[in-house]
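Trainee: generate coordinates for the sequence data below:
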Amino acid sequence: MSVEAHGGAVQSTFSKEGVEFEFSFIENELSFRDAFLQTLQDIRKNTDKEIIVCFSGGADSQLVKWGFDFLGIKHRVVHQRYLLNGAYLNWEEAEFMPEDTEYQNVDVLEYQKSKLFHDTYLKEYPINVHYSIQCDIKANPETDFLINSSSPMSIYKFDFREDKRFTFCPSIVNKLFGWKEFDYAGVMYDNGYIAYSIMDDLYKQQAREGFYLSGSLHIRRLSFNIIFLR
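Mentor: Numbers count the residues shown, from 1 in each chain. Predicted structure coming up:
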């Protein structure tokens, strides 16, 4: 993982009682845009493997694809079609796909019977099919470097609140277990610089108000070293 060099987000502990994370921030004056582009350059610099952007079609993967294109960094784009009895379940995300997209079909029922789902997720890290199926990608660990685009933190407006709050996205965790044999990076939490810029440049007001956590995981604690909160 690229985080090995920088440590934007690391797993602290995992047990049946929950998951504990530590997010590490490096104070800087970079805008999110600059930190984002520098992170992509750093990823390219630190691997000689072929970069594969795992492309859902959502905002995060669209941004990462744009960033690599903007910087002129060669990469491949892979989109997974999740099929259930022939129905394309995630078609709405795929409305705007790059022309060079490579499509991989994943049969949901077959995935539920797979060794990956049973041995890695049901036994080792119990999460549902929806979150774990993203890791069932056809790639070569010897030659391919995988890019996870989504952020572990998102801001949502809940109907029962007047303000917006953070939610925790488990996309960071399923890759820790499902992509063990791969080199990969989670762009938005790759290093302390971009992790800081997301909070400082984008989420600072909400961060000062505190965190509201929600999601399919039972989260015992998020441990933050947020040095910009005053």
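
Trainee: could you pull out the strands for this protein?
Mentor: Applying DSSP state E to the chain gives strands spanning 9-15, 18-24, 50-54, 76-84, 87-88, 102-107, 144-148, 153-157, 164-168, 183-186, 219-225.

Trainee: what's near enough to touch Asp183?
Mentor: Neighbouring residues of Asp183 by C-beta atoms under 8 Å, 6 or more residues apart in numbering: 1, 47, 49, 141, 145-146. The C-beta positions use only the backbone N, C-alpha and C, and glycine is treated the same way.

Trainee: check pLDDT for those residues and point me to the minimum.
Mentor: The member of these with the lowest pLDDT is Met1, and it reads 38.

Trainee: low-scoring stretches of this protein, by residue?
Mentor: Applying pLDDT under 70 to the chain picks out residues 1-23, 151-173, 201-230.

Trainee: one more pass at 50, please.
Mentor: 1-6, 211-230 (pLDDT under 50).

Trainee: and the gap between Asp48 and Leu71?
Mentor: 17 Å (C-beta to C-beta, to the nearest Å).

Trainee: which stretches in the chain count as helices?
Mentor: 3-6, 32-45, 59-71, 108-112, 115, 129-132, 171-178, 192-197, 204-209 (DSSP state H).

Trainee: figure out which of these is closest to Ala87.
Mentor: helix 108-112 (9.3 Å; C-beta to C-beta).

Trainee: do you know how far Ser114 is from Gly57?
Mentor: Following C-beta to C-beta, the distance that separates Ser114 from Gly57 is 24 Å.

Trainee: the two - which one has more neighbours?
Mentor: Gly57 (19 against 16; other C-beta atoms under 10 Å).

Trainee: list the contacts of the more buried one.
Mentor: 79, 90, 93-97.

Trainee: same thing but 10 Å
Mentor: Gly57 sits next to 65, 79, 90-98, 101 when contact means C-beta atoms under 10 Å, 6 or more residues apart in numbering.

Trainee: and which of those is nearest to Tyr196?
Mentor: Lys65 (23.6 Å).

Trainee: give the contact list for Phe117.
Mentor: 110-111, 123, 127-129, 132-133, 135-136, 178.

Trainee: which one (most neighbours) among those residues?
Mentor: Busiest of those [other C-beta under 10 Å] is Ser132, holding 25 neighbours.

Trainee: that one contacts Tyr121, correct?
Mentor: Yes. If you go by C-beta atoms under 10 Å, Ser132 and Tyr121 touch, sitting 4.5 Å apart.

Trainee: mind listing the shared neighbours of these two?
Mentor: 114, 174, 177-178.

Trainee: just the closest of the residues you listed to Ser61, please.
Mentor: Asn174 (15.6 Å).

Trainee: who are the contact partners of that closest one?
Mentor: Contacts of Asn174 by C-beta under 10 Å, 6+ apart are 120-121, 125, 127, 131-135, 148, 217.
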